[in-house]
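S.K.: below: sequence and its predicted model.
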Amino acid sequence: MEQKEEQSNASERSETRSQVAGLSVKKSEGFNEWYNQIVLKADMIDYSSVSGCIIFKPNSYSIWEKIQKIFDDKIKRSGHKNCYFPMFIPESLLKKEAEHVKGFNPEVAWVTKAGDTELNEKLAIRPTSETIMYESYAKWIRSWRDLPLLLNQWNSVVRWEFKHAKPFLRTREFLWQEGHTAHATREDAEREVMQQLFEYVDLIENFMAIPVIAGKKTDKEKFAGADYTTTVEAFMPDGKALQMGTSHLLGQNFAKVFDIKFLDKDEKEKYVWQTSWGLSTRTIGAIVMAHGDDKGLVLPPKIAPVHIVIVPIVFKENKENIIAKAKEIVKKLKAKNYSVELDDRDGYTPGWKFNEWELKGVPLRIEIGPKDVEAEQLVLARRDNNEKTTIKTKDLEKKVEQTLNEIQDNLFKKAKEYLTKSTVEVHNFNDFVNVIKSKKMAKALFCGHDECESSIKNKTEGATCRCIPFEQKAAKGNCVQCGKEAKFWAVFGKGY
Ligand SMILES: [Zn+2]
């Protein structure tokens with residue numbers, strides 16, 4: 001009887017095995033389905049009964065924690081502090097800045113009732129915190145000594161999307177950080193805008209291994225209520241651009257509306273200059289899309305919650321010995337601050353374990369079997385290119401460090417090649433349209449006018465100006481679409 005039960009358990013497990021053990025769609029053949037499978041099968045998210053929202057399971061939340069840690073250290077080094085403001089914003093407050101409310105109004109979720117009682121004033125669930133924060137900034141800022149005020153919040157915001165939800169990229173609630181600073185001069189505020197944008201560039205390129213184009217948004221695409229918006233844009237393997245982070249010069253627009261003034265050193269009362277900047281959990285979606293493959297997630301070592309998994313290859317007679325060796329390796333690697341998992345679960349074959357950890361994107365696997373123990377060696381298996389190398393156990397720390405660096409560099413290099421290949425310089429509108437059609441981005445001379453940008457969008461079924469890159473060469477010539485004098489080179493593409 002007991003035996004029978006065991007057998008049926010085993011067969012159940014093998015059923016689960018075929019369900020969890022891989023993606024049934026190739027990245028190159030059905031990108032959307034591939035993405036939807038990977039986020040579920042790598043156990044990153046789940047859906048709940050709240051439509052348009054996702055649950056961040058430990059496998060994705062731990063990536064967010066890594067991102068938080070890296071970025072939080074960065075902003076604190078430059079004098080920023082974290083705080084927390086209420087998630088409810090009174091309607092009158094949200095509506096104070098006309099452009100701002102116009103930009104967010106269709107997506108705002110409102111609290112209108114408490115129990116059965118209608119509220120006197122309905123409360124917005126924050127779509128972003130400018131208004132609620134700046135009401136307080138007006139009270140807190142009195143003199144030049146109070147400046148700069150450098151605050152950041154880690155929170156979630158709600159934007160009630162009606163389009164189909166896509167995990168990490170388009171959900172009604174998402175997690176982010178929002179920085180909000182106030183300065184005495186425009187120059188100081190502009191410096192802050194750029195400093196934070198380049199912190200994003202560093203975070204995204206050097207940790208997430210995703211190359212970006214940094215630049216300015218056109219007036220049409222800028223943040224509602226800003227003087228201008230700067231952005232870092234990545235390009236995803238399905239041919240769509242993804243805005244990874246933005247940093248805005250708010251100028252004195254909000255200061256004038258919220259009456260945020262300070263007494264300057266010259267005894268004159270002045271309005272402050274403000275910035276805001278944000279980066280969200282959509283970057284996790286970008287990591288999945290940029291690096292993932294047909295086996296599952298591929299995480300860059302610097303952002304991976306688990307760096308290394310050790311899979312002992314055991315047989316009954318040598319089990320103890322091999323597990324003991326594996327534990328020694330874990331200890332050595334932990335001493336070097338690596339996050340290591342030892343997969344010594346019974347009842348799963350090594351091959352099954354390989355598949356599972358590959359699906360979850362762990363950058364490096366160490367295999368150790370009886371022959372390896374005898375020869376004092378180990379096998380390193382790279383997640384990014386499937387390469388296996390046998391190393392001497394005494395070289396463990398050195399080889400692991402070297403290999404993880406190589407993985408990090410290789411992922412960036414591959415993504416960079418793709419970005420370069422996908423950004424095509426064009427000189428006439430016919431080529432422009434063809435480049436967009438072929439799921440690439442077109443870099444072209446552009447006049448910068450709103451109407452021209454709208455025409456481009458109409459004629460290309462949705463391509464928008466992703467940014468005006470900071471890296472510019474002389475813009476001599478005519479706009480690619482309207483033929484008027486060009487102001488700059490701009491990058492266009494379809495976006496998320
Ligand atoms: Zn034009």
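M.R.: Yep, that arrived.
S.K.: rest of the way, CA atoms for contacts and neighbours
M.R.: Fine.
S.K.: tell me the helix or strand right after the worst-scoring helix or strand of the chain on mean pLDDT.
M.R.: Sorting the helices and strands of the chain by mean pLDDT, DSSP states H and E puts helix 2-20 at the bottom, at a mean of 40. Helices and strands here follow DSSP states H and E; after helix 2-20, the next one along the chain is helix 31-41.
S.K.: so which bits of that following helix are buried?
M.R.: Within helix 31-41, the residues that count as buried by 16 or more other CA atoms under 10 Å are 34-35, 37-39, 41.
S.K.: burial count for residue 483?
M.R.: By other CA atoms under 10 Å, the residues close to residue 483 number 15.
S.K.: does it fall in a helix, a strand, or a coil region?
M.R.: Classification of residue 483 using DSSP: H, G, I helix; E, B strand; the rest coil returns coil.
S.K.: chain neighbours aside, what residue packs nearest to residue 283?
M.R.: Spatial nearest neighbour of residue 283, chain neighbours left out: residue 244 (6.0 Å); criterion: CA to CA, 6 or more residues apart in numbering.
S.K.: which positions in the stretch 351-496 of the chain make contact with the ion?
M.R.: With the criterion set to CA under 5 Å from the ion, the stretch 351-496 of the chain comes near the ion through 447, 452, 479, 482.
S.K.: show the pLDDT at the third one.
M.R.: Which is residue 479. If you check residue 479, the pLDDT there is 97.
S.K.: for it, what are its contacts?
M.R.: Neighbouring residues of residue 479 by CA atoms under 8 Å, 6 or more residues apart in numbering: 444-447, 485-487.
S.K.: and if you look at the second one?
M.R.: Counting by CA under 8 Å, 6+ apart, residue 452 makes contact with 481-482.
S.K.: quick one: what helix or strand has it in it?
M.R.: Going by DSSP H and E, residue 452 is part of helix 450-459.
S.K.: enumerate the residues of this protein near the ion.
M.R.: Residues of the chain lying near the ion (CA under 5 Å from the ion): 447, 452, 479, 482.
S.K.: pop out the phi and psi values for the third one.
M.R.: Dihedral pair for residue 479: phi -60, psi 140, per degrees, to the nearest 10.
S.K.: quickly note the distance from it to residue 426.
M.R.: Distance, residue 479 to residue 426, using CA to CA, to the nearest Å: 11 Å.
S.K.: coming back round to it: quickly check the residues of the stretch 351-496 of the chain next to the ion for the two that are furthest apart.
M.R.: The span of those, defined through CA to CA, is set by 452 and 479 at 9.0 Å.
S.K.: quick revisit: make CSV from the residues of the chain next to the ion and add distance to residue 116 to it.
M.R.: CSV is the format used below for the residues of the chain next to the ion (distance: CA to CA, whole Å):
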residue, distance to residue 116
447, 55
452, 51
479, 58
482, 57
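S.K.: closest one to residue 186 out of the residues you listed, please.
M.R.: Of those, the one sitting nearest to residue 186 (CA to CA) turns out to be residue 447, at 26.2 Å.
S.K.: what number of residues lie near whichever residue of the stretch 101-250 of the chain sits closest to the ion?
M.R.: Residue nearest to the ion within the stretch 101-250 of the chain: residue 218 (12.4 Å; CA to the ion). If you count neighbours by other CA under 10 Å, residue 218 ends up with 21.
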